[in-house]
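> turn this into a structure:
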Amino acid sequence: MRQFVWGINRLRCMSLAEIGHRLLRAARMQAERWGAAGSQRVPAPVLTGSFQPWIALPAKVDAAPYLAAADRIAAGRFDVFALRDIELGSPPRWNRDPKTGIQAPLIFGKLLDYRDSARVGDIKYLWEPNRHLHLVTLAQAYSLTGAARYFHVLREHLESWFAGCPYGRGANWSSALEPAIRLVNWALAWQLLGGVHSPLFRDAEGLGFRNRWLRSIYQHMRFVRGHFSLYSSANNHLLGEAAGVFIGCVTWPYWPDTRRWRRSAMSLLEHHALLQNAADGVNLEQAVAYQHFTFDLMLLPMAAGRANGHAFSAGFMARMEGMLEYLASIMDVGGNVPMFGDSDDGFLVRLSQERGFCKYRSLLATGGVLFKRGDFKSKAGRLDDKTRWLLGDSALDAFETLSAGGRPLPVRRAYPQGGYYILGCDLETAREIRLVADAGPVGYRSIAAHGHADALSFTLSLGGQELLVDPGTYAYHTEPAWRQYFRGTAAHSTVRIDDRDQSQSGGNFMWLKKARAHCGRWECAQDQDVFEGWHDGYTRLADPVVHHRRITLHKNVRRITVEDSLRMQGAHDVELNFHCSEHCSVDSVAGGYALSLDGRRVILRLPALSGSTAEILKGSESPIRGWVSRSFDTRIPAPTIVWRARCAGDVVLTTHMECEL
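Residues are numbered from 1 along each chain as shown. Reported below is the predicted structural model:
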């Protein structure tokens, strides 16, 4: 029944063009199911033509963590989201969800509902090992040592995968994004093994393996290209699919089709890189984790194309640079980045095995080298291994010669297209106050799949320590009550009316009625920063409510004032939530609470309204409140301050926050 309701809601969001496209694609899938349209034929490759590797072994990389990681894989030990160091086997059981133990059926993949947890388990857990990021680790270990045992493990895993996941069958062929990500990781592993003329492929066994691998590569490219997600709201899928096909065609230009496929994939990448990322650099999924994922979907094709004479446009490169400017602006002096929107811990590639690797600092290090930006270097702090594998040994010299001076940080304080605004003082110093306010749309396109109902929420850090946070995501396809909570209004530091979300959910990845948010005033002056915004999410109530919020940072006295104005006729239950870091201690003080963390303190004084109540909820399951999710499928208790009152008519609720360092 839940899937039926989801389908009806999704249909309500579709245009006529999308409905027509989906009907044609359904007919095509039925033809593929019965072996029509030549889906099994693979032309013989012609192993000629020039290919220039676009990943290289850095000269001075520390081999130890890569060899340790490869040895764990050879022993069948994996980390899969919340499952750490689990035994999957070598090779793993590719169609089995390691979390639930459910074995997905080997039926025609495009007609398998991967949202049906009874049939496939938790699809995120099933898909993750099948993305084959671990094969790159094995190839890195081989390239570092020349030890054939790492190649033998990689070959065994791939041969097992070819046998266990036949073309078009099972959960690993149910979404075109998954084979696209496999293509990217296969391309990296292929290069690190030595490419088409590697000595590993010279004997009969190696030659046979290479031919079977090339056959599957062609099938992957053809499959992804035939199932581009042209009408998906989560259009990072389309960007990822185009990236996989482009990288595949550049790395393996051995079939006549690849030239045409490469051009069309590059065109999609060029178009959607600009369409899906606003001119101010904000990814329009309204999710910071997808800022990272999407950047990699642009970075790796750019690297592959640049090495092989297929350069992307100046506009494409400028959008990449803008994405990094936004990331640098919302990152506090301690390197913390707000967890706005969805996050599933998804990586396109995992090239670094460094302890303490930070995916956001890594992007800024790469951007420092690519765009010659000393300000990115200062935020990154150091050059990481991922950047060195991608950009080669010359990256270290280029990084070290960058001047940390130049543009002051943050480069921008207002991102009007994305809807984010940075209030702050003493920025990039140990006395920093950094508040990031959200007045953006719910998410991207019609169903806003990865956005949260978080209009006018904010995060706050002092001196590089997070005190008020966005609690994250936790769940995707499973545990619907927790999915609903973490993406709902109660999980964000904003106003909630009548126990309802600002936007109306239609399923785990769909919003039917979306709150419109807008910034009406932005002022950045020497003595104060002012943000004013509003949203109309509660005008759908029988007695409509409009929420206006003004946040003022008084820099001289280091005080923040939050004024929430509610315009309404009747009476409503009003709730204010303040989500604290899990590391915060929260103590009662006169009129409010003291939030303390590592020498930083915020005195939070709540609205003084007759009849109001306030409490701290931490790790509560009824109601669900007081949690932070730092990684997918994990949650930890954290204090949430909840203020409640019954209000009637127009009202202004004022909260004061005194920041102490």
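> gap between the two ends of stretch 474-481?
End-to-end distance of stretch 474-481 (CA to CA, to the nearest Å): 11 Å.
> now do the buried residues in that stretch.
474, 475, 476, 477, 478, 479 (16 or more other CB atoms under 10 Å). From N, CA and C alone the C-beta is placed, and that goes for glycine too.
> from the residues you listed, which ones fall inside helices?
Counting by DSSP state H, no part of these is found in helices.
> out of the residues you listed, which is nearest to residue 655?
residue 474 (26.7 Å; CB to CB).
> the closest one touches residue 628, doesn't it?
No - applying CB atoms under 8 Å, one finds residue 474 not in contact with residue 628, separated by 9.1 Å.
> may I have the beta-bridge partners of residue 648?
According to DSSP bridges, the residues that bridge with residue 648 are residue 571.
> ok so, going back, quickly check the buried residues of stretch 474-481 for the two that are furthest apart.
474 and 477 (11.9 Å).
> what lies in contact with stretch 46-59?
With CB atoms under 8 Å, 6 or more residues apart in numbering as the test, stretch 46-59 has contacts from 140, 143-144, 188, 191-192, 195-196, 250-255, 303-304, 306-308, 351, 385, 388-390, 392-393, 396.
> out of those residues, which sit inside helices?
140, 143-144, 188, 191-192, 250-251, 303-304, 306-307, 385, 388-390, 396.
> now do the domain split for this protein, please.
Split into domains by automatic domain parsing, the chain comes to 1-38, 42-401, 424-660.
> out of these, flag the one nearest residue 410.
domain 42-401 (3.7 Å).
> which neighbours does whatever helix or strand residue 563 lives in have in its sheet, and in what orientation?
Here residue 563 sits within strand 559-567, counting by DSSP states H and E. Note on strand 559-567: by DSSP bridges, its sheet partners are strand 546-554 (antiparallel), strand 651-660 (antiparallel).
> quick one: low-confidence parts of this structure?
Scanning the chain for pLDDT under 70 picks out 1-39, 232-234, 405-406.
> quick one, what contacts residue 350?
Counted by CB under 8 Å, 6+ apart, residue 350 has contacts 133, 136, 137.
> mind putting those residues into a markdown table with neighbour count?
Output for the contacts of residue 350, formatted as a markdown table (neighbours: other CB atoms under 10 Å):
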| residue | neighbour count |
| --- | --- |
| 133 | 20 |
| 136 | 25 |
| 137 | 27 |
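> restricted to helices, list those residues.
133, 136, 137.
> and of the buried residues of stretch 474-481, the nearest to residue 441?
Ranked by distance to residue 441 (CB to CB), these are led by residue 476 at 20.7 Å.
> quick check, that closest one in contact with residue 343.
No - using CB under 8 Å, residue 476 is not in contact with residue 343; the gap is 9.7 Å.
> which residues does residue 147 contact?
Residue 147 neighbours (CB under 8 Å, 6+ apart): residue 141.
> so who does the closest residue in space to residue 470 that isn't next to it in sequence touch?
Leaving aside its sequence neighbours, residue 470 sits nearest to residue 339 (CB to CB, 6 or more residues apart in numbering; 4.5 Å). Residues in contact with residue 339 (CB under 8 Å, 6+ apart) are 288, 289, 469, 470, 471, 472, 473, 629, 630.
> one more time with 7 Å
288, 470, 472 (CB atoms under 7 Å, 6 or more residues apart in numbering).
> of those residues, which is the most crowded?
residue 470 (27 neighbours; other CB atoms under 10 Å).
> and it, how far from residue 506?
Counting by CB to CB, to the nearest Å, the gap from residue 470 to residue 506 is 22 Å.
> show residues contacting stretch 475-489.
Taking CB under 7 Å, 6+ apart as the rule, stretch 475-489 contacts 115, 117, 122-124, 344, 452-453, 471-474, 491, 496, 501-502, 505, 508, 624, 629, 633.
> export the strands paired with strand 559-567 to JSON lines and tack on mean neighbour count?
Shown next, in JSON lines, are the strands paired with strand 559-567 (neighbours: other CB under 10 Å):
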{"stretch": "strand 546-554", "mean neighbour count": "20"}
{"stretch": "strand 651-660", "mean neighbour count": "17"}
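> tabulate those strands in a markdown table, adding columns for distance to residue 360.
Formatted as a markdown table, those follow (distance: least, CB to CB, whole Å):
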| stretch | distance to residue 360 |
| --- | --- |
| strand 546-554 | 24 |
| strand 651-660 | 24 |
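> out of the ones you listed, which is closest to residue 149?
strand 651-660 (55.9 Å).
> okay, the contacts of residue 339 in CSV with distance to residue 576 next?
Below are the contacts of residue 339 laid out as CSV (distance: CB to CB, whole Å):
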residue, distance to residue 576
288, 24
470, 16
472, 20
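> quickly find the element holding residue 485.
Using DSSP H and E, residue 485 maps to helix 480-487.
> how far out from the middle of the chain is that helix?
18 Å (CA atoms, centre = their mean, to the nearest Å).
> could you do stretch 125-137 as well?
17 Å.
> over to stretch 278-291?
10 Å.
> so for it, what gets flagged as buried?
278, 280-291.
> for stretch 619-637, same thing?
624, 625, 626, 627, 628, 629, 630, 632, 633, 635.
> what's opposite the first one in the beta bridge?
Listed beta-bridge partners, residue 624: residue 621 (assigned using DSSP bridges).
> that one: what's it in contact with?
Per CB under 7 Å, 6+ apart, neighbours of residue 624: 481, 482, 485.
> also the third one?
Taking CB under 7 Å, 6+ apart as the criterion, residue 626 is in contact with 617, 618, 619, 620, 637, 638, 639, 640.
> recalculate using a threshold of 6 Å.
Applying CB atoms under 6 Å, 6 or more residues apart in numbering to residue 626 gives the contacts 617, 618, 619, 620, 637, 640.
> I figured the last one was touching residue 625, is that so?
Yes - contact criterion CB atoms under 6 Å: residue 640 and residue 625 qualify, at 5.2 Å.
> show me the common contact partners of these two, please.
residue 617.
> which residue is the nearest non-sequential neighbour of residue 412?
Using CB to CB, 6+ apart, the closest residue to residue 412 is residue 329 (5.6 Å).
> do residue 591 as well
residue 605 (4.5 Å).
> how many neighbours does the one you found have?
Residues near residue 605, counting by other CB under 10 Å, number 16.
> now swap in the one 4 residues further on and tell me
Close neighbours of residue 609, defined as other CB under 10 Å, add up to 16.
> for the nearest residue to it once chain neighbours are set aside, give me phi and psi.
In this structure, residue 609 finds its nearest non-sequential neighbour in residue 645, 5.1 Å apart by CB to CB, 6+ apart. Dihedral pair for residue 645: phi -160, psi 160, per degrees, to the nearest 10.
> ok, residue 308 next?
Main-chain torsions, residue 308, degrees, to the nearest 10: phi -120, psi 20.
> does it really touch residue 250, like I thought?
Yes - applying CB under 6 Å, one finds residue 308 in contact with residue 250, separated by 5.2 Å.
> okay, these two: which has more neighbours?
Neighbours per residue (other CB under 10 Å) separate residue 308 from residue 250, with residue 250 holding more: 24 against 18.
> ok, residue 650 touching residue 569?
No - using CB under 6 Å, residue 650 and residue 569 do not qualify as a contacting pair, with a distance of 8.8 Å.
> returning to what we had before: and the buried residues of stretch 619-637 as a markdown table, adding secondary structure?
Shown next, in a markdown table, are these (DSSP: H, G, I helix; E, B strand; the rest coil):
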| residue | secondary structure |
| --- | --- |
| 624 | strand |
| 625 | strand |
| 626 | coil |
| 627 | strand |
| 628 | strand |
| 629 | coil |
| 630 | coil |
| 632 | coil |
| 633 | coil |
| 635 | coil |
